[in-house]
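J.: Sequence and predicted structure are below.
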Amino acid sequence: MWTGLYPHAHQLVDNVYGVDNAFESVARVKLTVFELLREAGYLTAHFGKWHLGEVQPPFFDVWEECFNSRKGHWMDGRQDGEYRPDRQTDASIAFIQRQKNAAQPFVMVQGYYPPHDPYTAPARHYAPYRHKGIPFAGYYAAVSALDECTGRIIAALEQTGLAEKTIVIYYTDHGDTFFYRREGEHKFVCFDDAIRIPFIVTGPGVVTGALRSEPVGLQDLMPTLLDYAGVAAPANLHGRSVRPLAEGRSIPWRDDFYIQNVTHVSAITQRCLWHGRWKLIASANGAHQFFDLVNDPEEELDIFLTPRPDPGMERFRHVRDHALEISGLAGRMRQTAMHLDDPEGVDLADAVLSALAPRMLARSGGG
């Protein structure tokens, strides 16, 4: 989000505790979007959750109600007490009100901890979900609570007149699998449950209510912020500004999406390529996966090895061989990994192609 680069480049691949500033002590890449915006005259502010150090980083001018995760969702530890997101929202609204007549532009980050587990929210938000057979009612109650908090921030921008000159981007860092996946890796997976997240842009010049089909990612956040601020983006960024898409323009754009992952329990390195209908997951342990997202959007039928001629696997014989599609995605994966200078991605793509080689040879009539 803050470097415009994939994890293999910046090497901040996990939450960081026990250090002041992870960008100084851990990261391979030191420059963030905030230094560039400050140099351009922006006031920088952060509220809430921050996974990258224990103290205020030097690139934030305002640092309020901030914490390095692992804090409860309730200020006093009681579910009938003050909800932490409400406290954070109050602080950010007070900040917005102070900017009403300020000449200096600002960039503000509001980082909420919920709906992260444990799933809790103020009691009034449970009503639409409880006693209706909806699993994880507390998760959806927390989503409703954050909808309310976000609405309060938007209302503050409108009441101060700042909405007319402020871009708001709403997104999250990952989804939630509710431990549904049998791998037990929770959110550390390449499945859509974890990686298909909202990225909503509103503000002056944005086409209201438009839904774009182009795939965007968190690496696009930094160049987008710089674009709107009129600041030149560094040439080495992996992302692109989504401003043209938000403004309804038709421009050349990526038609696939490259994902990097390390599973949480077994620490298996993965690379994934999403390409509309198809998704390829390449794993360092050789357990590669392939999904048809049109016929199987839940990603429950891995068709990497189909049809399955081995004994006991006759039930998979109705699924054809997808070696051609898999090979195509593996080739795209390799090309993207080379472009990003991601050697692990190149190796994993090559591993998939190597595993496919006998099948591709058989298709060509060789052997």
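T.: Good, I have the coordinates.
J.: In a strand, residue 222, correct?
T.: No: the assignment for residue 222, made by DSSP: H, G, I helix; E, B strand; the rest coil, is helix rather than a strand.
J.: Quick one: residues contacting it.
T.: 1-4, 32-33, 233, 237, 239 (C-beta atoms under 8 Å, 6 or more residues apart in numbering). Where C-beta positions appear, they are placed from N, C-alpha and C, glycine not excepted.
J.: Could you pull out the strands in the stretch 51-200 of the chain for me?
T.: According to DSSP state E, counting those that start in this stretch, the stretch 51-200 of the chain carries its strands in the segments 62-67, 106-111, 168-171, 199-202.
J.: if I look at residue 40, how far off is residue 339?
T.: 29 Å (C-beta to C-beta, to the nearest Å).
J.: Show me which of those two is the more surrounded one.
T.: For residue 40 versus residue 339, the count of surrounding residues by other C-beta atoms under 10 Å is larger for residue 40: 14 against 11.
J.: now that one, nearest residue through space, not along the chain?
T.: Across the structure, with C-beta to C-beta, 6 or more residues apart in numbering as the measure, the residue nearest residue 40 apart from its sequence neighbours is residue 231 (4.8 Å).
J.: What is the burial count for the one you found?
T.: By the criterion of other C-beta under 10 Å, residue 231 has 17 neighbours.
J.: can you check residue 358 too?
T.: Residue 358 sits with 12 neighbouring residues when counted by other C-beta under 10 Å.
J.: Packing partners of the helix or strand it falls within?
T.: Taking DSSP states H and E as the criterion, residue 358 maps to helix 343-363. Contacts defined by 3 or more C-beta pairs under 8 Å, 6 or more residues apart in numbering; DSSP states H and E place helix 343-363 against strand 269-275, strand 278-283, helix 323-339.
J.: export the contacts of residue 222 to CSV and tack on distance to residue 70 and neighbour count?
T.: As requested, the contacts of residue 222 are exported to CSV (distance: C-beta to C-beta, whole Å; neighbours: other C-beta atoms under 10 Å):
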residue, distance to residue 70, neighbour count
1, 20, 16
2, 20, 22
3, 23, 25
4, 27, 28
32, 23, 22
33, 25, 26
233, 33, 18
237, 31, 18
239, 29, 20
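J.: from these, which two are the most distant?
T.: Spatial extent of those (C-beta to C-beta) is set by the pair 1 and 233 at 14.3 Å.
J.: now the residue nearest the centre of the chain: how far from residue 40?
T.: The central residue of the chain, meaning the one whose C-alpha is nearest the mean C-alpha position (C-alpha atoms, centre = their mean), is residue 173 at 3.7 Å. Counting by C-beta to C-beta, the gap from residue 173 to residue 40 is 25 Å.
J.: What ranges does the protein have for its helices?
T.: With DSSP state H, the ranges of helices along the chain come out as 7-10, 22-25, 33-39, 84-98, 137-159, 192-195, 221-229, 243-246, 323-339, 343-363.
J.: helices or strands next to the longest one in the packing?
T.: What that stands for is helix 137-159. The helices and strands touching helix 137-159, judged by 3+ C-beta pairs under 8 Å, 6+ apart, are helix 84-98, strand 168-171.
J.: which residues sit against the longest one?
T.: If I follow you right, that is helix 84-98. Contact with helix 84-98 is made by 45, 47-48, 62, 64-65, 71-75, 108, 110-114, 122, 145-146, 149, 152-153, 156-157, 160, 162, as judged by C-beta under 8 Å, 6+ apart.
J.: Got a quick PyMOL command for the buried subset of those residues?
T.: Here is the PyMOL selection string for the buried members of those, based on 16 or more other C-beta atoms under 10 Å:
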select buried, resi 45+47+48+62+64+65+73+74+108+110+111+112+113+114+122+145+146+149+153+156+157+160+162
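J.: Touching, residue 11 and residue 28? I think so.
T.: Yes: under the contact definition of C-beta atoms under 8 Å, residue 11 touches residue 28, with a separation of 4.3 Å.
J.: Just give the closest residue to residue 246, not the sequence neighbours.
T.: residue 201 (4.2 Å).
J.: Break the protein down into its domains, please.
T.: The chain breaks down by automatic domain parsing into domains covering 7-167+203-246, 257-363.
J.: among those, which is nearest residue 189?
T.: Closest approach to residue 189 among the domains of the chain (C-beta to C-beta): domain 257-363, 6.8 Å.
J.: now the end-to-end length of stretch 115-126.
T.: Terminal residues of stretch 115-126 lie 13 Å apart, using C-alpha to C-alpha, to the nearest Å.
J.: So which bits of it are buried?
T.: Of the residues in stretch 115-126, 115-117, 119-122, 125-126 count as buried by neighbour count, 16+ other C-beta under 10 Å.
J.: same check, this time on stretch 175-193
T.: Judged by neighbour count using 16+ other C-beta under 10 Å, the buried positions of stretch 175-193 are 175-177, 181, 183, 185-193.
J.: now swap in stretch 52-67 and tell me
T.: Counting neighbours by 16+ other C-beta under 10 Å, one finds that the buried residues in stretch 52-67 are 52-53, 56-57, 59-62, 64-67.
J.: so how far is it from its chain's centroid?
T.: Relative to the centre of its chain, stretch 52-67 is centred 21 Å away, using C-alpha atoms, centre = their mean, to the nearest Å.
J.: Just the endpoints, please. Distance across that stretch?
T.: 10 Å.
J.: Residues contacting that stretch, please?
T.: With C-beta under 8 Å, 6+ apart as the contact definition, stretch 52-67 has outside contacts at 12, 16-23, 32, 34-35, 38, 43-50, 68, 84, 87-88, 91-92, 95, 108.
J.: next one: stretch 1-18
T.: Contacts to stretch 1-18, defined as C-beta under 8 Å, 6+ apart, come from residues 22-23, 26-29, 31-34, 51-54, 68-70, 173, 218-223, 233-234, 236-239, 258, 260, 262, 340-342, 344-345.
J.: Right, I'll leave it there.
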